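*Asks:* next input, structure requested:
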Amino acid sequence: MTSVQEPVSVMPIMNMVYGLWVSQTLVTAHERDVFGRFAEHPGMTTAELAEKLGCEERPVEQLVTACAGLDLLERHGDGYRNTPMTSRYLIRGGQDYVGGWVEVVSRHDYPGWLRLDDALRTNRPTAWDSERRDSLFDDTNPVVVETFWEGMSAISRPTARVMAETVDLSAARSLLDVGGGGGAYAIELCRAYPELSATIFDLPFVCDLTEKKVKQAGFGDRVSFAQGSFFTDPLPTGQDVVLLSMILHDWDIDQCRSILRSCYDALAPGGQLLISELLVADAKDGPLDATLMSLSMLVETFGRNYTGEEYRSWLLDAGFTDVEVRPFDAPAANGVVIARKPANS
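*Replies:* Prediction:
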């Protein structure tokens with residue numbers, strides 16, 4: 001008797017095709033401050049919103065209904081209002097606002113992603129001109145810089161809070177945040193551990209930008225700055241903890257190994273190194289967020305997202321011991337790799 005196989009659904013493929021539609025719905029609504037307007041006027045109708053936007057009602061109604069279909073808006077009387085998710089994460093000025101990341105992805109990533117085949121063919125980034133600049137981080141245009149670091153901070157803040165619960169830094173007194181522009185990790189870790197002080201090491205213009213954010217957060221007395229490049233300048237030494245948060249995926253393997261050696265030198269004997277990243281599975285078959293971020297590095301950098309086993313190998317080669325991977329669930333990372341510098345080194 002011939003067994004009857006269940007038909008394979010085409011819907012996963014269709015949902016992939018719709019991905020651009022979904023993202024552009026969110027991006028356009030955010031850029032037009034649709035959610036901010038509904039925050040000010042809950043229950044507003046599409047006709048009222050159209051008047052505030054200076055648009056005709058037909059396209060505004062279509063945008064609003066699409067947002068409702070994505071659970072970004074919900075019906076409220078004759079009009080609409082923000083959902084709890086939108087109210088928490090997409091209202092400018094909110095503590096958990098992630099709209100900065102929406103802006104970064106739409107302005108910086110999407111143009112490169114639309115040339116993904118070029119990146120595949122040339123093995124070079126397509127989100128910026130790699131013939132004229134050395135890296136993604138060379139662009140000092142104030143608008144670009146402000147948008148990029150605000151976006152990184154938006155997803156780093158909640159990730160840092162989760163990591164603070166995953167590792168125990170209660171015995172640490174000094175932390176060096178390498179490439180910690182935006183200050184989110186330094187601020188949140190100092191908030192979680194009152195005895196901890198942090199130093200952010202980054203490029204001069206990034207430190208200047210971040211210093212303002214640190215002072216605004218009220219941590220100017222516990223977060224200091226050291227300016228430089230981790231490829232050409234030595235890191236401040238004698239640290240209890242060194243942190244690399246979403247740094248290594250930007251660089252190739254040899255550059256990653258170089259950064260890890262510098263971190264080893266910066267640690268006091270017995271100190272810990274923390275690597276917070278979207279880690280690709282050792283089998284390189286997922287998870288989806290890490291593998292897509294890795295592909296994003298094809299259009300943005302010369303790096304990729306690495307596996308926990310790759311980090312383990314490099315760390316042991318650099319002289320670290322006690323390497324372990326602790327998974328967690330957060331927007332910008334799915335785990336932290338922890339390693340220790342031997343106490344007798």
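*Asks:* what about the closest residue in space to Ser296 that isn't next to it in sequence, how many residues nearby?
*Replies:* Distances taken as C-beta to C-beta, 6 or more residues apart in numbering put Asp109 closest to Ser296, at 6.1 Å, once the chain neighbours are dropped. Any C-beta I mention is one placed from the backbone N, CA and C, and that applies to glycine too. By other C-beta atoms under 10 Å, the residues close to Asp109 number 15.
*Asks:* wouldn't Asp109 be in contact with Thr301 here?
*Replies:* No. Checked against C-beta atoms under 8 Å, the pair Asp109 and Thr301 is beyond contact range at 11.4 Å.
*Asks:* surely Gly77 touches His41?
*Replies:* No. Proximity of Gly77 to His41 does not meet the contact threshold set by C-beta under 8 Å, at 11.9 Å.
*Asks:* what about these two, which has more around it?
*Replies:* Regarding Gly77 and His41, a neighbour count based on other C-beta under 10 Å identifies His41 as having more, with 14 against 10.
*Asks:* residue contacts, the more buried one?
*Replies:* His41 makes contact with Glu48, according to C-beta atoms under 8 Å, 6 or more residues apart in numbering.
*Asks:* what distance do you get for it to Lys52?
*Replies:* To Lys52, His41 is 8 Å away according to C-beta to C-beta, to the nearest Å.
*Asks:* around Asp168, how many other residues sit close by?
*Replies:* 11.
*Asks:* for the helix or strand bottoming out on mean pLDDT in the chain, packing partners?
*Replies:* Least confident helix or strand, the chain: helix 142-166 with a mean of 83, by mean pLDDT, DSSP states H and E. Applying 3 or more C-beta pairs under 8 Å, 6 or more residues apart in numbering; DSSP states H and E, we find helix 142-166 packed against helix 99-104, helix 184-192, helix 204-216, strand 239-245, strand 267-277.
*Asks:* so what secondary structure elements neighbour the fourth one?
*Replies:* Right, strand 239-245. helix 142-166, strand 174-178, helix 184-192, helix 253-266, strand 267-277.
*Asks:* let's see it at 7 Å
*Replies:* Strand 239-245 is packed against strand 174-178, helix 253-266, strand 267-277, with contacts defined by 3 or more C-beta pairs under 7 Å, 6 or more residues apart in numbering; DSSP states H and E.
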